[in-house]
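In: Mind looking at a prediction? Sequence and model below.
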Amino acid sequence: MLALLKTIREAIANWWSEFTLQTKLLAAATLVVSLVMSGLTFWAVNTIQQDAQVNDTRFGRDLGLLLAANVAPLVADHNLTEVAQFSQRFYSSTSSVRYMLYADETGKIFFGIPFWEPEVENSLSIERRIQLPEEYPGDGEKPMVRQHMSPDGTVTDVFIPLIADKKYLGVLAIGINPNQTAVISTNFTRDVTIAVFITIWVMVILAGVVNALTITKPIKELLVGVKQIAAGNFKQRIDLPLGGELGELILNFNEMAERLERYEEQNIEELTAEKAKLETLVSTIADGAVLIDNNMQVILVNPTARHIFGWEGADDVVGSNVLHHLPPTVQMEITRPLYEMAAGECDSAEFRLTLNQPSNRTIRILLTTVLNLQRESIKGIAITVQDITREVELNEAKSQFISNVSHELRTPLFNIKSFIETLHDYGEDLSIEERQEFLQTVNHETDRLTRLVNDVLDLSKLESGRSYSFDGVDLAQAIEQTLRTYQLNAKDKGIELIQDVAPGLPLVLGNYDLLLQVLANLVGNALKFTPSGGKIAIRTYVLHTKSNSPNQPTQVRIEVADTGIGIAPEDQQAIFDRFFRVENRVHTLEGTGLGLSIVRNIVERHRSKVNLVSEVGVGTTFWFDLILFEDEAPKKMAESGEEKAVLPAN
């Protein structure tokens with residue numbers, strides 16, 4: 001039974017939930033109106049009943065007083081026969097009297113209609129004594145009226161004292177039937193009201209069922225379909241066999257959904273193609289690109305940005321908050337500008353930051369808002385990341401180069417100017433030896449200035465993009481010429497120059513003047529940092545490799561070794577930088593600091609690399625390799641994409 005009630009409640013609840021809010025409000029309004037009307041009807045019925053009861057009470061009281069006035073003298077004379085006859089006539093003449101009972105002053109019933117005295121005395125249903133109400137005054141002159149319920153309706157009981165010559169003789173009890181016309185009218189009105197109330201709600205329930213089956217269900221299906229279409233599910237269809245305007249509406253909805261589905265497929269194909277083009281374009285640009293929406297979620301990121309920020313192995317960057325993946329330095333700088341741009345407070349911003357992770361680099365970050373076609377609302381923010389590490393390094397090198405050149409030019413110029421001014425102002429006061437010394441110093445500083453300018457010009461030529469002709473070079477001749485140039489300097493310092501050239505050395509591919517400058521710089525540095533009694537050796541020989549691959553040409557190695565002061569390990573990489581001078585560390589001879597930088601540049605033009613091995617106090621050896629000059633060598637170099645016979649400077 002409980003399960004059945006629960007099932008019924010659930011069915012009613014589901015049925016009620018299918019109604020729309022408007023239908024529920026209409027049902028509630030109908031319920032309120034019907035309850036109010038029913039209440040008014042029942043109030044009117046009760047009012048009518050109360051009026052009828054009042055009329056019955058008045059009628060019973062007046063009838064009782066009239067009857068008591070006629071009967072009291074007869075009771076006083078003990079003329080009970082006349083009392084009985086009069087009472088019988090009176091009872092027979094009216095249908096309003098239900099009963100009549102006479103009792104003496106002790107309450108004993110001596111006559112009753114329709115109950116005769118023998119019946120009264122012998123009846124088990126009526127007592128011999130009348131049961132008077134507790135509030136009956138007894139010998140009072142006023143009648144007492146009350147009502148009680150009976151199977152036939154409400155009966156009005158009237159108790160009238162019988163008084164003759166101011167003597168209390170007993171009591172007359174009369175029962176008055178209700179007004180049948182009023183009772184019938186009242187009952188009819190009540191029954192009609194109940195029937196109308198039930199009819200109204202039967203009609204409401206039937207209307208609800210019809211509404212749910214014919215209107216509400218299709219509308220709910222249509223509402224669900226519209227929501228699905230709004231959510232992007234264009235495969236939604238409504239299958240209800242309905243006719244009329246509602247059926248036409250559902251048919252049009254299905255046609256609309258079918259068209260939207262076709263349009264979506266076409267748009268998806270076009271958008272996919274455009275997205276692929278955009279991603280391809282973004283992935284090929286040299287700068288890093290990150291596109292985010294207004295909620296800081298990453299929409300698109302290209303490989304350059306992944307490399308700069310170290311996101312190569314992170315697959316969850318797209319779709320997540322960009323601030324959660326940026327390095328701390330970048331995050332602190334751009335968080336506030338990003339939110340300001342998303343709120344429309346600014347259009348762009350630019351930052352220059354230094355990153356320590358995943359590698360040391362300097363970047364420039366450009367933030368730009370992305371607007372819709374009408375340029376009214378912000379759709380996202382484009383983050384452009386430029387790696388300017390090389391640019392910064394070049395600017396620093398440029399500044400350092402200018403500073404060093406200025407410094408190096410200032411010292412000899414100052415010395416020259418000082419000694420010339422002294423000679424000009426005090427030349428007559430100086431001795432011949434002092435003037436010779438001053439002129440010798442000026443000549444020395446002039447040579448120093450000339451070397452500096454020549455070195456700067458040489459380095460500038462090498463880095464300016466100038467082309468050099470490459471041909472076969474006899475290294476033995478270049479080495480001999482170099483040693484001949486420095487022979488006197490070596491003899492003055494007591495240094496032995498050693499030439500170790502392999503017999504039958506083949507020609508190498510290169511530029512004779514450039515290689516001669518390389519050998520001169522290396523030998524000159526060796527003389528400068530080798531103490532008296534030391535040795536400087538130039539060796540050259542053919543490298544014999546185990547590989548016989550035709551793509552790997554035979555090479556000749558050139559070595560310049562000395563027994564000088566050596567180079568500390570921390571300086572071995574820096575000595576090829578511009579204006580870096582070992583004498584700044586060991587406080588020895590002066591130089592421009594450009595010689596080894598020129599050597600490295602020239603050797604790199606020959607597609608080789610300068611190497612060195614050095615130990616402080618033991619000596620230093622520089623070496624590099626050159627390709628043999630053969631008829632096939634230029635062709636091989638051209639085919640490998642490295643260099644032709646005429647090579648441009650970098």
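Out: Perfect, thanks for sending it.
In: how about low-confidence regions in the stretch 251-400 of the chain?
Out: For the stretch 251-400 of the chain, applying pLDDT under 70 flags the ranges 271, 275, 277-284, 314-315, 358, 397, 400.
In: For it, which segments count as helices?
Out: Taking DSSP state H, counting those that start in this stretch as the criterion, the stretch 251-400 of the chain carries its helices at 303-309, 328-342, 389-426.
In: swap in the stretch 1-150 of the chain?
Out: Using DSSP H, counting those that start in this stretch, the helices of the stretch 1-150 of the chain run over residues 2-17, 21-76, 80-93, 117-122.
In: Let's have the ones you listed in CSV, adding mean pLDDT and distance to Glu376.
Out: Any C-beta I mention is one placed from the backbone N, CA and C, and that applies to glycine too. Converted to CSV, those look like this (pLDDT from 0 to 100; distance: least, C-beta to C-beta, whole Å):
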stretch, mean pLDDT, distance to Glu376
helix 2-17, 76, 43
helix 21-76, 77, 36
helix 80-93, 83, 101
helix 117-122, 48, 107
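In: would JSON lines of these with distance to Thr193 and mean neighbour count be doable?
Out: Output for those, formatted as JSON lines (distance: least, C-beta to C-beta, whole Å; neighbours: other C-beta atoms under 10 Å):
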{"stretch": "helix 2-17", "distance to Thr193": "26", "mean neighbour count": "10"}
{"stretch": "helix 21-76", "distance to Thr193": "4", "mean neighbour count": "15"}
{"stretch": "helix 80-93", "distance to Thr193": "37", "mean neighbour count": "15"}
{"stretch": "helix 117-122", "distance to Thr193": "43", "mean neighbour count": "12"}
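In: For His148, find the nearest of the helices of the stretch 251-400 of the chain.
Out: With C-beta to C-beta as the measure, helix 328-342 is the member of the helices of the stretch 251-400 of the chain nearest His148 (87.2 Å).
In: ranking the helices of the stretch 251-400 of the chain by burial, who's on top?
Out: Counting by mean count of other C-beta atoms under 10 Å, helix 303-309 has the highest mean neighbour count of the helices of the stretch 251-400 of the chain, with a mean of 19.
In: on contacts alone, who are the packing partners of that helix?
Out: strand 288-292, strand 378-387 (3 or more C-beta pairs under 8 Å, 6 or more residues apart in numbering; DSSP states H and E).
In: Single out the most deeply packed of the ones you listed.
Out: Per residue and on average, the most neighbours among the helices and strands packed on helix 303-309 fall to strand 288-292, with a mean of 22 (mean count of other C-beta under 10 Å).
In: What pairs with that one, parallel or antiparallel?
Out: strand 298-301 (antiparallel), strand 378-387 (antiparallel) (DSSP bridges).
In: which one of these lies closest to Gly313?
Out: strand 298-301 (13.3 Å).
In: Name the surrounding residues that touch that closest one.
Out: If you take C-beta atoms under 8 Å, 6 or more residues apart in numbering as the criterion, strand 298-301 is touched by 278-279, 282, 289-293, 311, 317-322, 325, 380.
In: Would you mind listing which of the residues you listed are buried?
Out: For these, a burial check counting by 16 or more other C-beta atoms under 10 Å picks out 282, 289-292, 311, 317, 322, 325, 380.
In: on that earlier part again, show me the one of the strands paired with strand 288-292 that comes nearest Phe90.
Out: Closest among those, using C-beta to C-beta: strand 378-387, at 105.1 Å.
In: and the closest one, C-alpha only, in PDB?
Out: In PDB, the C-alpha atoms belonging to strand 378-387 read as follows (Å, rounded to 0.1, in the frame of the first residue of the first chain):
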ATOM      1  CA  ILE A 378      38.800  43.000 -26.700                       C
ATOM      2  CA  LYS A 379      39.000  39.400 -27.800                       C
ATOM      3  CA  GLY A 380      42.400  38.600 -26.500                       C
ATOM      4  CA  ILE A 381      46.100  39.700 -26.100                       C
ATOM      5  CA  ALA A 382      49.000  38.900 -28.400                       C
ATOM      6  CA  ILE A 383      52.400  38.400 -26.700                       C
ATOM      7  CA  THR A 384      55.400  38.800 -29.000                       C
ATOM      8  CA  VAL A 385      58.700  37.600 -27.600                       C
ATOM      9  CA  GLN A 386      62.000  38.700 -29.300                       C
ATOM     10  CA  ASP A 387      65.300  37.200 -28.400                       C
END
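In: next one: that strand to chain centre, how far?
Out: 17 Å (C-alpha atoms, centre = their mean, to the nearest Å).
In: Roughly how far does the residue lying farthest from the centre of the chain sit from Leu169?
Out: For the chain, the C-alpha farthest from the mean C-alpha position belongs to Asp77; by C-alpha atoms, centre = their mean, that distance is 113.6 Å. Counting by C-beta to C-beta, to the nearest Å, the separation of Asp77 from Leu169 is 10 Å.
In: Is it correct that Thr156 falls within a helix?
Out: No. Thr156 is assigned strand when assessed by DSSP: H, G, I helix; E, B strand; the rest coil, not a helix.
In: Give me the below-cutoff pLDDT ranges for the stretch 501-650 of the chain.
Out: Looking at the stretch 501-650 of the chain by pLDDT under 70, you get 545-553, 578-593, 631-650.
In: For it, which segments count as helices?
Out: For the stretch 501-650 of the chain, the helices defined by DSSP H, counting those that start in this stretch occupy 512-529, 583-586, 595-605, 633-639.
In: Tell me how many other residues surround Val542.
Out: 15 (other C-beta atoms under 10 Å).
In: For beta bridges, what are the partners of it?
Out: Here Val542, judged by DSSP bridges, has bridge partners Val556.
In: any chance of the helices of the stretch 251-400 of the chain in TSV, with distance to Asn489 too?
Out: Output for the helices of the stretch 251-400 of the chain, formatted as TSV (distance: least, C-beta to C-beta, whole Å):
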stretch	distance to Asn489
helix 303-309	52
helix 328-342	54
helix 389-426	20
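In: Quick check: Ser532 vs Thr563, distance?
Out: Distance from Ser532 to Thr563, by C-beta to C-beta: 11 Å.
In: Tell me who's in contact with the residue nearest in space to the middle of the chain.
Out: Geometric centre of the chain, nearest residue: Asn295, 4.7 Å, by C-alpha atoms, centre = their mean. Going by C-beta under 8 Å, 6+ apart, Asn295 touches 321, 342.
In: again, only using 6 Å
Out: For Asn295, the contact set (C-beta atoms under 6 Å, 6 or more residues apart in numbering) is empty.
In: got it, and Pro506?
Out: Counting by C-beta under 6 Å, 6+ apart, Pro506 has contacts Leu628.
In: In three-state terms, how would Asp500 be classified?
Out: Strictly by three-state DSSP, Asp500 counts as strand.
In: so it sits right up against Arg539, yeah?
Out: Yes. Taking C-beta atoms under 6 Å as the definition, Asp500 is a contact partner of Arg539 at 4.1 Å.
In: These two: who's more crowded?
Out: Arg539 (17 against 12).
In: Give me the contacts around stretch 161-179.
Out: 52, 56, 60, 64, 68, 72-73, 75-76, 96, 98-105, 130, 139, 153-160.
In: on that earlier part again, name the residue in Ser532 and Thr563 with the higher neighbour count.
Out: When Ser532 and Thr563 are compared for neighbours, Thr563 comes out ahead with 19 against 8, by other C-beta under 10 Å.
In: Would you list the phi and psi of that one?
Out: The phi/psi pair for Thr563 (degrees, to the nearest 10) reads phi -110, psi 40.
In: Same check on the one 4 residues further on?
Out: Note on Ile567: its backbone torsions stand at phi -120, psi 130 [degrees, to the nearest 10].
In: Look up how far Leu522 lies from it.
Out: Applying C-beta to C-beta, the value for Ile567 to Leu522 is 13 Å.
In: ok, those two, which is more surrounded?
Out: Neighbour tally, Ile567 and Leu522, criterion other C-beta under 10 Å: the higher count belongs to Leu522, 27 against 22.
In: list the contacts for that one?
Out: 560, 622.
In: again with the one 4 residues further on
Out: Neighbouring residues of Ala526 by C-beta under 6 Å, 6+ apart: 536, 562.
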